[in-house]
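> turn this into a structure:
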Amino acid sequence: MNESDRSGGSRQAGTPGHGPGPERDGATDGGEEPDQGTDSGRVEAFSDGVFAIAITLLILEIKVPEVGEHGGLWHALGGQWPSYAAYVVSFLVIGIMWINHHQVFRHVARVDRTLMFLNLLVLMVVAAVPWPTAMLAEYLREDEASHVAAAVYSLVMVAMALAFQALWWHLTRTGHLFDARVDVEGARRTRVRFALGSLAYPATVALAFVSAPLTLAVHGLLAVYYAFNQAPVPMRPAREA
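This is a model prediction of the structure:
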């Protein structure tokens, strides 16, 4: 096989939809090095694993109750209501974060090192969620301790929002990591909406010192809000994509 045949075969293998060609591995016809961008599939698969482990660990914090002298098993089960409430809220938080993460990465064609590190930052916070969840469930009915536990829980939510915000800003700043369907300028205009949405979480830190149960309820409401009020990734008209 001569040089032209090898070159032509290489271009055919890189056709979009038929394998990891230049549009997926970061190489371009302009001669850019392949390591300037890599396939986003491995990043998303790794992220899915972390989300799955974190969301599973939540249920492990709910222990089988012990039947006491002054009530039966139903009474003991009812006494664990803080664990159930914290579990439901945190499950919603992680689940909706996973949906948002998937929604973003399904439009990412390639990743760079900065995006991988920012994604690791998001995953680090997600993996930590079971810890403040267990702490809040343990101290939700206490007085002073409940405020501290709720504040720690809220701070973790703040960190998660800021990490995801940083990931989105990097994606929209660079622009070239998106696939060809994405309207990059339109995506950049969503930054303000993302930033405004993140303001609600710092407010829950202050609310934690007023009422821990109310703080947990607000986090649940915020999760439901973001489940039904998402800013979609702006797309180009079909004729331009």
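> give me the mean pLDDT for the lengthiest helix in the chain.
Ranked by residue count, the top helix of the chain under DSSP state H comes out as helix 144-174. The pLDDT scores in helix 144-174 average 93.
> contacts for whichever helix or strand comes after that helix?
Sequence-wise, the next helix or strand downstream of helix 144-174 (DSSP states H and E) is helix 184-189. Applying C-beta atoms under 8 Å, 6 or more residues apart in numbering, the contact partners of helix 184-189 are 171-173, 175, 178, 233-235. For glycine as for every other residue, the C-beta is placed from the backbone atoms N, C-alpha and C.
> give the other helices and strands that the longest helix of the chain contacts.
In terms of contacts (3 or more C-beta pairs under 8 Å, 6 or more residues apart in numbering; DSSP states H and E), helix 144-174 is packed against helix 81-105, helix 113-128, helix 130-139, helix 184-189, helix 191-198, helix 200-208, helix 212-228.
> W74: which of these is closest?
Of all the helices and strands packed on helix 144-174, helix 81-105 sits nearest to W74, with 12.2 Å by C-beta to C-beta.
> so that closest one versus helix 130-139, what angle?
Put simply, helix 81-105 runs at 160 degrees to helix 130-139, going by axes from the mean of the first three to the mean of the last three C-alpha atoms, to 10 degrees.
> which other helices and strands contact helix 81-105?
helix 41-60, helix 113-128, helix 130-139, helix 144-174, helix 212-228.
> what are the buried residues along it?
Applying a neighbour-count criterion of 16 or more other C-beta atoms under 10 Å, one finds 82-83, 85-87, 89-94, 96-98, 100-101, 104-105 buried in helix 81-105.
> what's near enough to touch the residue nearest the centre of the chain?
For the chain, M97 is the residue whose C-alpha lies nearest the centre (C-alpha atoms, centre = their mean; 3.7 Å). Listed by C-beta under 8 Å, 6+ apart, the contact set of M97 reads 51, 122, 126, 160, 164.
> next, count neighbours for the spatially closest residue to the second one that is not a sequence neighbour.
Nearest residue to V122 in three dimensions, chain neighbours excluded: A163, at 4.5 Å (C-beta to C-beta, 6 or more residues apart in numbering). Using other C-beta atoms under 10 Å, A163 is surrounded by 20 other residues.
> low-confidence ranges, the chain, go.
1-38, 69, 197, 230-232, 234, 238-241 (pLDDT under 70).
> got a list of what W168 touches?
Counting by C-beta under 8 Å, 6+ apart, W168 touches 104, 190-191, 194.
> among the residues you listed, who's most crowded?
V104 (19 neighbours).
> before we move on, back to that, dump the contacts of W168 into a markdown table; add distance to S146 as well.
Converted to a markdown table, these look like this (distance: C-beta to C-beta, whole Å):
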| residue | distance to S146 |
| --- | --- |
| V104 | 35 |
| T190 | 36 |
| R191 | 36 |
| F194 | 31 |
